[in-house]
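J.: Structure for the following, please:
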Amino acid sequence: MGVLRLVEQALDEAGGVLAISINLIRMFSIAALPFIPDAAGRTLSAVGVDPTGVRWIEGDLEGELHRATPGSRIDDPGVLFAKVLPENVAAWSARFAGSERGKV
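T.: Below is the predicted model of the structure:
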């Protein structure tokens, strides 16, 4: 059953599904924080988590799926990744191409 149909037919169940989804977004954002700190930090802020106080998830992952509950607030993180424009591709290719000697 799709989420919209679930909202129409079983609002409480839809809230539970969305709450688990929010918790998964939070968990994936914590895992991504060292690699894409800006996008992960904005995503964490959108689900009500201060990205500066986050620690790696340890222990009971089942409990992590129930931190956000139905009715938790979600904010819009905005655009997380800018569109790659052709002029960016040319500049980045020149900047990050490296030398012929360093190519594999």
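
J.: wait, doesn't I57 sit right on E64?
T.: Yes. The criterion here is Cβ atoms under 8 Å, and I57 meets it with E64 at 5.7 Å. (Each C-beta comes from the backbone N, C-alpha and C, glycine too.)

J.: what sits in contact with each of those two?
T.: Residues touching both I57 and E64 (Cβ atoms under 8 Å, 6 or more residues apart in numbering): M27.

J.: Of those two, which one has the most company?
T.: When neighbours are counted by other Cβ atoms under 10 Å, E64 comes out ahead of the other of I57 and E64, with 16 against 13.

J.: can you pull the contacts of the more buried one?
T.: Applying Cβ under 8 Å, 6+ apart, we find E64 in contact with N23, R26, M27, I57.

J.: can you pick the most crowded of the residues you listed?
T.: Counting neighbours by other Cβ under 10 Å, R26 leads these with 22 neighbours.

J.: which ones are touching L65?
T.: I20, N23, L24, M27.

J.: Out of those residues, which two sit at the greatest distance?
T.: Taking Cβ to Cβ as the measure, those span a maximum distance of 10.3 Å, between I20 and M27.
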